[in-house]
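**Q** coordinates only, sequence not included:
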């Protein structure tokens with residue numbers, strides 16, 4: 001029987017169509033193309049093609065290797081086709097006293113995560129994933145100093161169904177001079193909950209998930225990962241710090257490394273369970289000015305692209321998912337246990 005469930009943090013509803021429930025093999029990605037090579041001479045992100053990207057902003061390199069040349073382990077470059085650019089001003093203009101616009105001011109960077117063309121976060125070593133999360137932290141803190149920007153969104157698109165155009169392992173960040181409406185909605189809902197209850201909705205969610213023990217997939221001293229009660233898609237997984245913190249920018253180097261290990265274990269286990277799946281992940285955090293607030297709790301949301309939103313989802317905003325998170329969490333826990341602590 002289908003049920004409607006609500007996420008207390010977002011107030012969004014989902015429909016869980018239980019009679020359509022499936023096993024992991026039903027979601028496994030069908031490999032229709034040849035395996036990717038370790039190096040693609042036509043890929044602008046591969047070693048030897050550094051001239052095909054804008055000059056690097058930063059890089060982790062072998063000692064003595066030249067900038068914008070081979071010898072790197074990770075590079076950060078401006079997006080060649082940026083959504084936003086650092087030029088412009090903050091003036092908002094209105095046409096006919098109604099239509100509003102402003103310059104496309106911001107920053108759009110690409111984190112090229114590895115020289116190897118055929119890697120993904122789920123198959124990388126723990127050390128490499130630590131480099132990625134620490135780079136996110138470094139770039140976040142750098143962009144936070146620019147008073148023109150209000151928010152940095154860090155995200156990864158893996159696979160065509162997730163919106164990526166290049167197979168080479170990379171993630172992105174975009175700094176915006178405004179707070180998007182969806183982010184503002186999430187903040188406002190969290191604030192309402194805090195005003196009503198006197199506690200953070202995410203902290204309460206962690207406590208209730210740990211108490212229920214039905215959707216927890218991984219718990220450490222510093223982080224907890226679970227599949228939300230009102231998951232939008234099969235195998236949706238959230239990673240949250242156990243201790244309250246509103247901003248990703250507050251994370252220490254030590255905690256960033258621990259976060260990386262949790263992320264790697266989750267994505268590695270999803271990869272073993274479902275194949276080289278398409279997915280998005282995003283770091284959900286507050287605007288810079290709210291870094292020390294009590295009502296919000298930064299976290300990572302992992303959204304596998306195993307199903308496609310259709311007309312009802314787009315028209316209503318209510319997702320229909322074909323698997324209960326209690327079931328998919330059990331499958332993922334087994335995959336994590338089978339994987340042990342490799343890396």
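**A** Right, received. Where do you want to start? Quantities reported herein were computed from a predicted structural model and do not represent experimental measurements.
**Q** which parts of the host helix or strand of residue 153 are buried?
**A** Element membership for residue 153 (DSSP states H and E) is strand 151-158. Residues 151-152, 154-158 are the ones in strand 151-158 that count as buried (16 or more other Cβ atoms under 10 Å). C-beta coordinates here come from the backbone N, C-alpha and C atoms, glycine included.
**Q** and which of the residues you listed is nearest residue 196?
**A** residue 151 (25.2 Å; Cβ to Cβ).
**Q** Give me the mean pLDDT for the strand holding residue 153.
**A** Throughout strand 151-158, pLDDT has a mean value of 97.
**Q** what's in contact with that strand?
**A** Strand 151-158 has contacts (Cβ atoms under 8 Å, 6 or more residues apart in numbering) with 120-121, 136, 139-140, 143-144, 163-164, 170-176, 178-180, 183, 248, 277-283, 285-288.
**Q** Same question for stretch 281-299.
**A** Taking Cβ under 8 Å, 6+ apart as the rule, stretch 281-299 contacts 136, 144, 149-156, 179, 183, 186-187, 190-191, 193-195, 200-203, 238-241, 244-250, 263, 300-303.
**Q** Give me the phi and psi angles of residue 311.
**A** The phi/psi pair for residue 311 (degrees, to the nearest 10) reads phi -60, psi -40.
**Q** Name the residues of the helix or strand bottoming out on mean pLDDT in the chain that come out as buried.
**A** Ranked by mean pLDDT, DSSP states H and E, the weakest helix or strand in the chain is helix 24-27, scoring a mean of 71. Buried residues in helix 24-27, counted by 16+ other Cβ under 10 Å: 24, 27.
**Q** Then stretch 247-265?
**A** For stretch 247-265, by 16+ other Cβ under 10 Å, it's 247-251, 255-265.
**Q** Let's see which of those residues end up in strands.
**A** Assigned to strands by DSSP state E, none of those qualify.
**Q** which among those residues gets closest to residue 225?
**A** residue 262 (6.0 Å).
**Q** okay but that closest one is in contact with residue 221, surely?
**A** No. Using Cβ atoms under 8 Å, residue 262 is not in contact with residue 221, being 10.9 Å away.
**Q** where do the contact lists of these two overlap?
**A** Joint contacts of residue 262 and residue 221 (Cβ under 8 Å, 6+ apart) do not exist.
**Q** And the strands in the stretch 1-150 of the chain, which stretches?
**A** 3-6, 13-16, 58-61, 72-78, 92-95, 99-102, 107-112 (DSSP state E, counting those that start in this stretch).
**Q** show me the contacts for the nearest residue to residue 167 once chain neighbours are set aside.
**A** Setting aside the residues directly before and after it, residue 167 is nearest to residue 36 in space (Cβ to Cβ, 6 or more residues apart in numbering), at 5.8 Å. By Cβ under 8 Å, 6+ apart, the residues touching residue 36 are 117-118, 167.
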